[in-house]
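Q: Structural data only, the sequence is not supplied:
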């Protein structure tokens, strides 16, 4: 087990040892570049005690967590004020998970945490594709002079993988130059506002490996208010379920995943945390679909 993970409260149904697991779930509680409302550092700790409100069985996917070997690695620890140290620590931790033959499932934190996780996964799966679900483009080259930011994370990933490797869905907010970068210049595949072409794009990638990153603010704020940058006009949870079923039907292997941008203190009802937990369950079940393949 990576030395910089520590678990004080375990997710229900994720009690396999690190050595016996196929999937490792862990929290990356960092929101040091958040440009509006902070608080995503508290997501993973808020989710754990609430996860017990779910069943382990997913009627939508007809799969059960009891059939998965999942290790809850707990929370990462790092200096919140040192962005580069945080990025290096996440990359090292995910590398250790991947090198041990496990699949990482990370809970943010803000969206910048995806960058080092993707870098680590690409070490083992250099040809993997990135599927990005979000309200925001995250394609800025810099934000207020910062090269590494939650608003630049997908642009930094594009710097690594290049064109035709990143697929973006549900996007409804960003600068004109970001939309031009994706839609006009076609540096990424982007379906703004919706998620209707996910299955079609996955069909083109038969036999390939995919990393999925879900910024939970893709959901409409009426469904998911507990986030730092809520954006009206989002998709419904039912529409997000169509993404899960598309991945279940597709001939691709998920090699890693993350869900980010739950900021639980902005939703005192707890609904956003409950939604995040259900998304987590479905993602783990999808990661397990081909967990023993190499």
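A: Thanks, I have it. Bear in mind the structure is a predicted one, so any value in this text is a computation, not a measurement. Numbers count the residues shown, from 1 in each chain.
Q: Can you list the residue ranges for helices in the chain?
A: 43-50, 83-99, 114-124, 153-161, 176-179, 198-203, 237-249, 271-287 (DSSP state H).
Q: Export those to TSV and append columns for mean neighbour count, distance to residue 21 and mean pLDDT.
A: Heads up, the C-betas are built off the backbone N, CA and C, glycines and all. TSV is the format used below for the helices of the chain (neighbours: other CB atoms under 10 Å; distance: least, CB to CB, whole Å; pLDDT from 0 to 100):
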stretch	mean neighbour count	distance to residue 21	mean pLDDT
helix 43-50	21	17	94
helix 83-99	19	9	96
helix 114-124	22	16	98
helix 153-161	21	26	97
helix 176-179	15	38	98
helix 198-203	16	26	98
helix 237-249	17	21	98
helix 271-287	23	11	98
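Q: what sits against the residue nearest to residue 102 when sequence neighbours are not counted?
A: Residue nearest to residue 102 in three dimensions, not counting chain neighbours: residue 24, with 4.8 Å by CB to CB, 6 or more residues apart in numbering. By CB atoms under 8 Å, 6 or more residues apart in numbering, the residues touching residue 24 are 18, 70-71, 73, 97, 102-105.
Q: Next, residue 11: phi, psi?
A: Reported as degrees, to the nearest 10, the phi and psi values for residue 11 are phi -60, psi 140.
Q: For the nearest residue to it once chain neighbours are set aside, list each beta-bridge partner.
A: Nearest non-adjacent residue to residue 11, counting by CB to CB, 6+ apart: residue 72, 4.6 Å away. Note on residue 72: beta-bridge partners residue 25, judged by DSSP bridges.
Q: what's the answer for residue 167, then?
A: Here residue 167 sits in beta bridges with residue 131, residue 189, going by DSSP bridges.
Q: ok, it - how many residues close by?
A: Using other CB atoms under 10 Å, the number of residues around residue 167 comes to 22.
Q: so who does it touch?
A: Neighbours of residue 167 in contact, by CB under 8 Å, 6+ apart: 129-132, 188-190, 198, 201.
Q: and the residue nearest to residue 102, what pLDDT?
A: With respect to pLDDT, residue 24 scores 97.
Q: And it, how close does it get to residue 72?
A: Separation of residue 24 from residue 72 (CB to CB, to the nearest Å): 8 Å.
Q: Residue ranges in the stretch 101-250 of the chain under the pLDDT threshold?
A: The stretch 101-250 of the chain contains no residues with pLDDT under 70.
Q: Let's see that with 80 instead.
A: Residues of the stretch 101-250 of the chain meeting the criterion pLDDT under 80: 143-147.
Q: Any of the contacts of residue 167 buried? List them.
A: Neighbour counting with 16 or more other CB atoms under 10 Å marks 129-132, 188-190, 198, 201 as buried within the contacts of residue 167.
Q: Show me the residue at the heart of the protein, geometrically.
A: residue 258 (2.2 Å; CA atoms, centre = their mean).
Q: so how far is residue 176 from the residue of the chain most remote from its centre?
A: Distance from the C-alpha centroid of the chain, by CA atoms, centre = their mean, peaks at residue 184 (26.1 Å). As judged by CB to CB, residue 184 and residue 176 stand 10 Å apart.
Q: Just the endpoints, please. Distance across stretch 10-20?
A: Stretch 10-20 has its terminal residues 16 Å apart, counting by CA to CA, to the nearest Å.
Q: May I see the buried residues of it?
A: 11-14, 16, 18.
Q: out of these, who's nearest residue 31?
A: residue 11 (20.9 Å; CB to CB).
Q: closest to residue 30 out of the helices of the chain?
A: helix 83-99 (5.1 Å).
Q: can I get the contacts of residue 167 in JSON lines with distance to residue 150?
A: Putting these into JSON lines (distance: CB to CB, whole Å) gives the following:
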{"residue": "129", "distance to residue 150": "22"}
{"residue": "130", "distance to residue 150": "16"}
{"residue": "131", "distance to residue 150": "18"}
{"residue": "132", "distance to residue 150": "13"}
{"residue": "188", "distance to residue 150": "17"}
{"residue": "189", "distance to residue 150": "21"}
{"residue": "190", "distance to residue 150": "18"}
{"residue": "198", "distance to residue 150": "23"}
{"residue": "201", "distance to residue 150": "24"}
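Q: Which member of the residues you listed is positioned nearest residue 57?
A: residue 198 (23.7 Å).
Q: Now for the nearest residue to the closest one once chain neighbours are set aside: which residues touch it?
A: In space, and not counting its chain neighbours, residue 198 is closest to residue 246: 4.6 Å by CB to CB, 6+ apart. Contact partners of residue 246, counting by CB under 8 Å, 6+ apart, are 198-199, 202.
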